[in-house]
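Peer 1: Provide a 3D model corresponding to the input given below.
(one chain, ligands or ions: 1)
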Amino acid sequence: MKAFMDRDFLLSTETARHLYHDFAVPMPIIDFHCHLSPQEIFEDRQFENITQVWLGGDHYKWRLMRSAGVDEKYVTGDASDREKFQKWAETLGLAAGNPLYHWSHLELRNYFGYEGALNGDTAETVWQLCNKKLKTLSARQLIVNSKVKALCTTDDPADSLEWHKKIAEDKSFGVKVLPSYRPDKAMGIEKADYLDYLKRLGEIGSFVQLAEVLKARLAFFVENGCRVSDHGMESVPYAPAAAEQIEAIFQKRLAGELPTDREAKQFKTALLLELGREYHRLGVVMQLHFGVIRDNSHRVFRALGPDAGIDSIGDQPSIKDLAAFLGALDDTGELPKTILYSLNPNDNAALVTVMGAFQTGEAVGKVQHGSAWWFNDHKQGMLEQLTTLAADGYLAGFVGMLTDSRSFLSYARHEYFRRILCELLGSWVENGEYPNDDKALRTIVEGISVKNAETYFNL
Ligand SMILES: [Zn+2]
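Peer 2: Modelled structure (predicted):
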């Protein structure tokens, strides 16, 4: 029997251990998509206790606790932080096979030096240990200790980027904290509060003006170090329409009338094409996140709002529209570097083949299949993403892992990913499917760990 999550966790062969310890471990981290607060980074936030760090905003943990039958009082309710931690420890202790089990224990090892297993019986010991340690740990220390070179937060086009500017001016902190441009609210023409949002962008009287303002905001983001944009959507829209038609849809919305589904799709297509061309012109990477159904429980949504652990994988047909959308940008040579993430793992092979149709000499892996996202962000999901990319695309050019997290402890996910990557590559070598070529293997491991991202995002 192997020891529980020891130094060689997930590394079953000699080659896998060599690749991981000698090539992957020394590599720093570029976290090109996360949801950390730049204000908390600038102010170097400290946390009073482990419940604040772990359960404060982590809807992955909330849904696991609910699945274990824990009352909402101990999840997001008014129970004390110690009581919530107890319920979390009891839940996690039996969550065999769930990625939270591994992530949480990697975090306990890496940041708190706890080598045991967290459960209801050990909760008090872990609570005391973590809280004592947290007195000497801050947001910036956690980032620096994790060897992060650069991270990209997720920001609205209307954001002043005040905190990013302050961080950039602070020479005592060497990590690049760059904004990412996420104009979901500007795309959301069907939303009830759309007109209120538009006011945040300024006086906007036409679609042409909206596109101009968004491009000006993008230029401002780029001046402040932005290298990547992000779009979250149920499915990628593609319904091209004439310019006059788009203007009419927008004018109707300005007058207070909601668009039909078809009109919303036409509007989104037009705006996404405008932005896609601008991303290409300015060298900004376009990320598309889709295949999601959000806020399934209206009851929980009414109480807690979005990001409350009530989303799911969707099965909206996306591939045909996605291919047509990329094709429209590619047609005029204006397809930017693009990363595709579908929450539906059934899309993996189709996505990688769509990507293959649009690759060019502009970049290694110009169109990328993003690392296993959200409900796929676990051992099985990562293996499926990596093997599909290898089989139908070019694994060596992969830009690799990101945390997509709101927590300063989540860098352990990069370690988890690198262990799985090295185990997979090692198994191919051990099985005679790929030569034991140290130089090539080093290039692949270092590339996927960090170097490919460094080149791809021009950091
Ligand atoms: Zn995200």
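Peer 1: and the nearest residue to Leu304 once chain neighbours are set aside, what pLDDT?
Peer 2: Leaving aside its sequence neighbours, Leu304 sits nearest to Thr76 (C-beta to C-beta, 6 or more residues apart in numbering; 6.0 Å). Any C-beta I mention is one placed from the backbone N, CA and C, and that applies to glycine too. Confidence at Thr76, expressed as pLDDT, is 96.
Peer 1: so Thr76: helix, strand or coil?
Peer 2: coil (DSSP: H, G, I helix; E, B strand; the rest coil).
Peer 1: is it in contact with Trp62, as I believe?
Peer 2: Yes - counting by C-beta atoms under 8 Å, Thr76 touches Trp62, with 6.3 Å between them.
Peer 1: shared neighbours of the two, anything?
Peer 2: Ala308 (C-beta atoms under 8 Å, 6 or more residues apart in numbering).
Peer 1: now the strands for the protein?
Peer 2: Ranges of strands within the chain are 29-31, 148-152, 176-178, 228-232, 285-290, 292-293, 312-313, 338-342, 367-369, based on DSSP state E.
Peer 1: give the buried residues for the last one.
Peer 2: With burial defined by 16 or more other C-beta atoms under 10 Å, the residues of strand 367-369 counted as buried are Val367, Gln368, His369.
Peer 1: partner residues bridging the second one?
Peer 2: Spelled out, it's Gln368. Per DSSP bridges, the residues bridged to Gln368 are Ile339.
Peer 1: so how far is Phe457 from the closest residue to His33 other than its chain neighbours?
Peer 2: What sits nearest to His33 in space, not counting adjacent residues and going by C-beta to C-beta, 6+ apart, is Leu402, at 4.3 Å. Going from Leu402 to Phe457 by C-beta to C-beta, to the nearest Å gives 11 Å.
Peer 1: list residues touching both of these two?
Peer 2: By the contact definition C-beta under 8 Å, 6+ apart, Leu402 and Phe457 are jointly contacted by Phe32.
Peer 1: the two - which one has more neighbours?
Peer 2: For Leu402 versus Phe457, neighbours defined as other C-beta atoms under 10 Å are more numerous around Leu402 (26 against 19).
Peer 1: the more buried one against His35, yeah?
Peer 2: No - using C-beta under 8 Å, Leu402 is not in contact with His35, being 10.6 Å away.
Peer 1: list residues touching both of these two?
Peer 2: With C-beta under 8 Å, 6+ apart, Leu402 and His35 have no common neighbours.
Peer 1: state the number of residues packed around the closest residue to Asp311 other than its chain neighbours.
Peer 2: For Asp311, ignoring the flanking residues on the chain, the nearest one in space by C-beta to C-beta, 6+ apart is Arg294 at 4.9 Å. Around Arg294 there are 13 other residues, counting by other C-beta under 10 Å.
Peer 1: what sits against Arg294?
Peer 2: Shown in contact with Arg294 (C-beta under 8 Å, 6+ apart): Glu234, Pro306, Ile310, Asp311.
Peer 1: could I get those as CSV with distance to Asn110, neighbour count and pLDDT?
Peer 2: Compiled in CSV, these are given as follows (distance: C-beta to C-beta, whole Å; neighbours: other C-beta atoms under 10 Å; pLDDT from 0 to 100):
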residue, distance to Asn110, neighbour count, pLDDT
Glu234, 36, 14, 92
Pro306, 30, 10, 91
Ile310, 30, 20, 95
Asp311, 28, 19, 94
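Peer 1: what is the nearest of these to Ile249?
Peer 2: Glu234 (18.8 Å; C-beta to C-beta).
Peer 1: so how far is Tyr194 from that closest one?
Peer 2: For Glu234, the distance to Tyr194 (C-beta to C-beta) stands at 17 Å.
Peer 1: ok, now Trp62?
Peer 2: For Trp62, the distance to Tyr194 - C-beta to C-beta - is 29 Å.
Peer 1: can you list the domain ranges for this protein.
Peer 2: Per the record, the chain has its domains at 14-42+144-456, 46-137, by automatic domain parsing.
Peer 1: okay if I get those domains as JSON lines plus distance to Arg7?
Peer 2: Shown next, in JSON lines, are the domains of the chain (distance: least, C-beta to C-beta, whole Å):
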{"stretch": "domain 14-42+144-456", "distance to Arg7": "8"}
{"stretch": "domain 46-137", "distance to Arg7": "10"}
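Peer 1: quick one, which of these is nearest to Met5?
Peer 2: domain 46-137 (5.5 Å).
Peer 1: ends of that closest one, how far apart?
Peer 2: With C-alpha to C-alpha, to the nearest Å as the measure, domain 46-137 spans 7 Å from end to end.
Peer 1: same question, stretch 131-147
Peer 2: With C-alpha to C-alpha applied, stretch 131-147 spans 23 Å between its terminal residues.
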